[in-house]
Each structure stands twice: as C-alpha cells, then as structure tokens.
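Enquirer: Structural data only, the sequence is not supplied:
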DNA sequence: CTCCTCAATGAACGCATGTTCGTGGCGACA
DNA sequence: TGTCGCCACGAACATGCGTTCATTGAGGAG
C-alpha cells in the first residue's frame, strides 16, 4: 500500500496514468505509457503494471484496452465511502463499533478534484441528520467529509465520540482546559460539556458538501 | 444543445456511455455501445455518435479507442468552471462585466457526482475571499458553487449584485418587504440594507466545498 | 414517379493494443 | 563461480477497435 517500495519507474508510470486520465478523461494505453515514460518495450510496461496491480495501486481490466484505473488506498480515485448518518444535534448511539472505520459503506461519493487535492485514503463521508448545525451551513442531508486526525484546533468541526454514553455527534470543538465544550451551530441549542477523558475525536470535518438543487 | 431533437436510440446511447463510464471509469468502445443498445452494426453506432458530436453532446478523439466523452452544456461532465473570486465581506467591484457568466474561467473543478446529481450546465464556482462568512463554515479560500435562479428564499446564500455600486458580494438573503437585508454570517459584521430595485441576485449557492487538509 | 435525405445494415480493412515468450544484464548470496 | 530473483528488452501474435464503403428502405419534396 505504501508508496515506498515502488521503483522510480513505477512511480513515474503511476503519475503519468493519473495525469493522462485527468486530462483526457480516459486511461492511457500501454503504449501511451511506454512512450511517455521512455520505456523500451510494451512488455516492460506490462511487467510494471502487474506489480502495481499486486501492490494495490491500480486495478486492471484484462484484455480490455485502456483497462487501467488508479486506486488510492484500494479505492477508486477521488471517491470516498459514505459510512452512514450522523446526528448533528442530539448525540446518537452507534450500533456496535468503536469507530466509524469499521462500518460498511452505504454509498460512494465522488469528491472534487483539485480542491481537496489528493483525497486521503482514510477519509470517509457521513450524511448529516437533523438541522442543528444549520447556522454552519450544514443542513439535513448534507454530507461531511471526515478525516481522522490526531489534533484539533478550537473551532474545528469534529465527529465527537462520547465513550461512556457510546454516542457520536457532530459539533464544534472548544478546549476550555478543565472541560471540553461541544458547541452546536444552532442558536436555539445549548453546548455540551464533557470531560476530556470521555471524549474521543474520531475525525475532523475537512469538507462540507451541500446540495440544494 | 437541447436534449430534444435526439432520437430514442441516441438518448439510449448517451445514457449508456454515461452509465458505463460511471461504473468502469473509462468510456465504452463502439462495440460495447453496439451490444448494449442492440444495434446491428458498428457503423450505425458511428453514425449516431457523429450526430451526438455535432450536436455537442459528446466529444470524440478520433482514431483513439474509447475516445468518447460525454459533455453537458459543452463542458466536461461533472466539472464547473471557477470564474473568479468573490469577497464575502465588503462588496467588491467587478472589473467590467455585468454578470459572472461572461467571465473567463481561471480554473476548473470537479464536483461530486451523486451528491448534486446532474450538475446544471449553467452552474459555476467562485472562490471566496475573506473570512466574513466564517460562521457559515465558509472560510477564506473555500469554493461556492453557484447556480443562477429566478427566485430565492429567505436565508438563502446568494451572490448579490448591487447595481448602482457595481459591486458583488456573498451574503444571506432576507426579504423584509420594503427593503432587502443582506446578512453576513459573521457576528462582528453588520447587515447591508438595499432597495429591491438595486439588487440583482446573480445566483444562489447550491454547494460549499471547503478544504482543510 | 424521381430525387434526395435520413437511418440503418453487413462486411471488410487496417492500425491499435493487450499478451506472451525467449533473452540478457545485474546484484545478492552461498 | 553458479544460481536465483529482479528488471528490462524486443519481437511476434491475436484480438480489439475505429473507420469506410456499398446497399437498402422509408419518408418528403418537386
């Protein structure tokens, strides 16, 4: 999975496939790759593609022209799984798992290229339930893209996991020293105060996708 | 440009190309189309593709396998042009044009499939300058996707064009009868009140894309 | 009726393209 | 030194796949 362990040539190939696809919206042929990467033979390309395939960097449709697709973290590039719903208002219990990452995806979403740059392989999406974050332009049905992080800043919108309550909620994060304030973005709702020990920040919202059509 | 004027067969072809691409992330071959649409000969497919190409529904790379791309409104599918910057706080003058739609795109952005559904052909994107909409999770550098609309509801976030001032700004829209209140989403800033005659709503924000990476 | 355009048909042509195979250099290791 | 895995090479093969052409039939205009 790691980008290490790849030869310079393989990295070059991977990059070229990506750029080619970005520009023409269909994948390159083996001979396209051969030329662009100054490779002497198509068989060398095939050889390296097999390696990239085994290592999970690409997916290939055999016997199919241009049957190459770049994967990132084993997923189709530019797509994140939608893992479920999250209530922005009242904390809601999570079925069984300790973390969202174990969830089955209920959907898949294409995320903007060029805005988020390379979408992290560990990012996932949650569909927001309820209107309690309405003041933050997060409405019912909106999608937040979450990325697991180690540290959060005050004001960050986070997916908060309350350990004893076994509930998750979407709130703004404010560290007030003794306690942590989880602030909804709705003037009619009150913040929740929790003990730092009881809180686990599952991730930070890195993108909000709102559809109004 | 209109979807009318296309034969049933052509619509079917267009739809198939789209679905195929969505699923496999590369375009179909002419023979793929032939089979899927129960067409007797590849030449018939080619015949219809030429029509679709002339009418602007697709783009073709000749002599290239799978060199077909579905366009919507003459643009690459799922992409919107980024037309420029918009100041969320103080209204800022627009160089020359009456409307954003005349602007040259400074960039191009891929927008999420499945969330916005079919992205309207007339949608465009603006990069937000300033932090005055910070409370609405619209930060400096964020991107708003705007769609021209006829009517707006109170509370909608709109691109407001002030005719006499020749300035545009990003605000929330509130119709108060005699006047219209343009409300920034920043507690330290005051609303602007304008005469309905002086205001032209260029479009409504249908999506907010925020990158925090 | 004839002429013409639109839409479709089947076959053939020829280059494009994925695949396979035999070969060879090179460093690691015993 | 010999063997082995890794990586690269070049050629050949078999389809894949876009293109073209000669025909045909169904309307519409004259």
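Expert: Right, received. Where do you want to start? A quick note: this is a predicted structure, and the numbers were derived from the prediction, not measured. Numbers count the residues shown, from 1 in each chain, chains lettered A, B, ... in the order given.

Enquirer: can we go C-alpha only for contacts and neighbour counts from here?
Expert: Will do.

Enquirer: pretty sure residue A:196 contacts residue A:181?
Expert: No. Using C-alpha atoms under 8 Å, residue A:196 is not in contact with residue A:181; the gap is 9.5 Å.

Enquirer: quick one: which of those two has more around it?
Expert: Shown here are residue A:196 and residue A:181; by other C-alpha atoms under 10 Å in any protein chain shown, residue A:181 has more neighbours (20 against 15).

Enquirer: From residue A:168, how far out is that one?
Expert: 14 Å (C-alpha to C-alpha, to the nearest Å).

Enquirer: repeat for residue A:205
Expert: 14 Å.

Enquirer: which neighbours do those two share?
Expert: Common neighbours of residue A:205 and residue A:168, using C-alpha atoms under 8 Å, 6 or more residues apart in numbering or on different chains, are residue A:159.

Enquirer: Of the two, give the one with the bigger neighbour count.
Expert: Taking other C-alpha under 10 Å, residue A:205 and residue A:168 do not tie; residue A:205 has more neighbours (28 against 25).

Enquirer: Now do the contacts for that one.
Expert: A:144-147, A:156-159.

Enquirer: what about 7 Å?
Expert: Residue A:205 is in contact with A:144-147, A:157-158, counting by C-alpha atoms under 7 Å, 6 or more residues apart in numbering or on different chains.

Enquirer: Quick check, pLDDT for it.
Expert: Residue A:205 is assigned 86 on the pLDDT scale.

Enquirer: cool, residue A:194 as well?
Expert: For residue A:194, the model assigns a pLDDT of 93.

Enquirer: Name all residues that make contact with it.
Expert: Counting by C-alpha under 7 Å, 6+ apart, the residues that residue A:194 touches are A:179-181.

Enquirer: Repeat the analysis, applying 10 Å as the threshold.
Expert: A:162, A:175, A:178-182 (C-alpha atoms under 10 Å, 6 or more residues apart in numbering or on different chains).

Enquirer: separation between it and residue A:177?
Expert: For residue A:194, the distance to residue A:177 - C-alpha to C-alpha - is 11 Å.

Enquirer: got the buried residues for stretch A:57-65?
Expert: Using 16 or more other C-alpha atoms under 10 Å in any protein chain shown as the burial criterion, the residues of stretch A:57-65 that qualify are A:57-60, A:65.

Enquirer: Which secondary structure elements does the longest helix seen in chain A sit against?
Expert: Criterion DSSP state H: the longest helix present in chain A is helix A:8-24. For helix A:8-24, the elements it packs on are helix A:30-36, helix A:42-54, strand A:68-72, judged by 3 or more C-alpha pairs under 10 Å, 6 or more residues apart in numbering or on different chains; DSSP states H and E.

Enquirer: which helices and strands sit right next to the helix or strand following the shortest one?
Expert: Right, the one you point to is strand A:68-72. Using DSSP states H and E, the helix or strand that directly follows strand A:68-72 along the chain is strand A:75-76. Using 3+ C-alpha pairs under 10 Å, 6+ apart, the elements in contact with strand A:75-76 are strand A:58-60, strand A:68-72.

Enquirer: Is chain B within reach of the last one?
Expert: Yes. Among the residues of strand A:68-72, A:68-70 lie within reach of chain B under C-alpha under 10 Å from any C-alpha of the partner chain.

Enquirer: same thing with stretch A:138-154?
Expert: Yes. Stretch A:138-154 comes into contact with chain B (C-alpha under 10 Å from any C-alpha), by way of A:138, A:141-145, A:147.

Enquirer: now, which of those residues lie within strands?
Expert: Among the residues of stretch A:138-154 next to chain B, the members falling in strands (DSSP state E) are A:143-145, A:147.

Enquirer: ok so, going back, and the helices and strands packed on helix A:8-24, which is most packed in?
Expert: Among the helices and strands packed on helix A:8-24, strand A:68-72 has the highest mean neighbour count (mean count of other C-alpha atoms under 10 Å in any protein chain shown), at a mean of 23.

Enquirer: Show me what that strand is in contact with.
Expert: A:1, A:3, A:14-15, A:17-18, A:21, A:26-30, A:49, A:52-53, A:56-62, A:75-79, A:118-122, B:24-26.
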